[in-house]
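Novice: Task: produce atomic coordinates for the following.
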Amino acid sequence: MAVEVQKVVTSGTFSLDGGTWDVDNNVWLIGDDQQVIVIDAAHDAAAIADAVAGREVVAILLTHAHDDHVDAAPALAEATGAPVYLNPADAPLWELAHPGVPLPAPLTDGQTFEVAGTTLVVRHTPGHAPGASVFVVPDLGAVFTGDTLFQGGPGATGRSFSDFPTIVDSITDVLLALPPETVVHTGHGDDTTIGAEAPHRQEWIDRGH
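Specialist: A predicted model of the protein is given here:
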């Protein structure tokens with residue numbers, strides 16, 4: 001079996017700054033019939049474990065530590081025996097989601113992970129959250145952006161620990177440097193491509209002022 005990308009949509013809530021919202025999250029599995037990497041552990045560890053279907057989970061990679069992306073991480077780690085990784089700049093958000101639970105292993109810019117003969121490259125893309133990271137998979141012509149870039153533009157920056165100029169810089173420097181045909185697998189909603197989003201950069205900047 002060649003390396004494939006599998007999406008699991010889970011539902012729950014996102015809470016920050018005293019508000020709570022209902023959300024659907026995209027959980028991504030990259031791998032073959034032997035092993036997988038899970039990107040984000042949202043809401044429902046059992047549903048994610050069902051999708052893993054007994055395969056070895058090499059790692060659970062977290063794009064950022066908003067609670068809707070990490071609430072199932074400890075339970076999924078326990079169920080699969082897999083290590084969890086997060087950029088340590090998101091420590092304050094992790095503490096909000098999992099008070100007293102030790103931080104996951106650190107993600108660093110340029111770090112790589114191997115699954116089923118395919119390499120994922122970690123790139124730090126702060127803005128939506130201080131430790132926000134994306135995972136570039138050159139072999140698949142894909143990038144997993146969490147809440148940094150969506151179909152229609154950057155992720156939200158109106159809440160604590162976020163910053164609009166920073167997210168635009170991250171998208172410009174890291175994501176828009178990728179080939180235009182690169183498929184963007186997002187943390188919520190539908191896929192897009194780098195080429196579809198790149199022409200709108202000036203509109204984002206204008207919108208942010």
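Novice: Report the contact partners of Asp139.
Specialist: Neighbour list for Asp139: 3, 118-119 [criterion: Cβ atoms under 8 Å, 6 or more residues apart in numbering]. Just so you know, the C-beta spots here come from the backbone N, C-alpha and C atoms, and that holds for glycine as well.
Novice: out of those, which are buried?
Specialist: 3, 118 (16 or more other Cβ atoms under 10 Å).
Novice: Same list (the contacts of Asp139) but as CSV, adding pLDDT, distance to Val36 and secondary structure.
Specialist: Formatted as CSV, the contacts of Asp139 follow (pLDDT from 0 to 100; distance: Cβ to Cβ, whole Å; DSSP: H, G, I helix; E, B strand; the rest coil):
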residue, pLDDT, distance to Val36, secondary structure
Val3, 95, 9, coil
Thr118, 97, 11, strand
Thr119, 98, 15, strand
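Novice: which one among the contacts of Asp139 gets closest to Val27?
Specialist: Val3 (17.0 Å; Cβ to Cβ).
Novice: gap between the closest one and Gly12?
Specialist: According to Cβ to Cβ, to the nearest Å, Val3 and Gly12 sit 28 Å apart.
Novice: and if you look at Pro180?
Specialist: For Pro180, the distance to Gly12 (Cβ to Cβ) stands at 34 Å.
Novice: Name the residue in the two with the higher neighbour count.
Specialist: Neighbours were counted for Pro180 and for Gly12 using other Cβ atoms under 10 Å; Gly12 has more, 16 against 12.
Novice: Now do the closest residue in space to Ile171 that isn't next to it in sequence: how many residues are near it, please.
Specialist: In space, and not counting its chain neighbours, Ile171 is closest to Leu149: 5.5 Å by Cβ to Cβ, 6 or more residues apart in numbering. With neighbours defined by other Cβ under 10 Å, the count for Leu149 comes to 27.
Novice: In this protein, where is pLDDT below threshold?
Specialist: Where the chain drops to pLDDT under 70, the residues are 1, 209.
Novice: just the helices in it please.
Specialist: Assigned by DSSP state H, the helices in the chain fall at 45-52, 67-70, 73-80, 91-97, 164-170, 194-197, 201-207.
Novice: Run a quick neighbour tally on His66.
Specialist: For His66, using other Cβ under 10 Å, the count is 32.
Novice: residues touching it, list them.
Specialist: With contacts defined as Cβ under 8 Å, 6+ apart, His66 is in contact with 14, 16, 93, 97, 129, 147.
Novice: Quick check: phi and psi on the closest residue to the second one other than its chain neighbours?
Specialist: In this structure, Leu16 finds its nearest non-sequential neighbour in Arg159, 5.2 Å apart by Cβ to Cβ, 6+ apart. Note on Arg159: its backbone torsions stand at phi -120, psi 180 [degrees, to the nearest 10].
Novice: how close does Arg159 sit to Phe135?
Specialist: Distance, Arg159 to Phe135, by Cβ to Cβ: 23 Å.
Novice: Likewise for Asp22?
Specialist: Going from Asp22 to Phe135 by Cβ to Cβ gives 26 Å.
Novice: of the two, who's got more company?
Specialist: Taking other Cβ under 10 Å, Asp22 and Phe135 do not tie; Phe135 has more neighbours (24 against 9).
Novice: Isn't that one up against His124?
Specialist: No. Phe135 lies out of contact with His124 (Cβ atoms under 8 Å); the separation is 11.2 Å.
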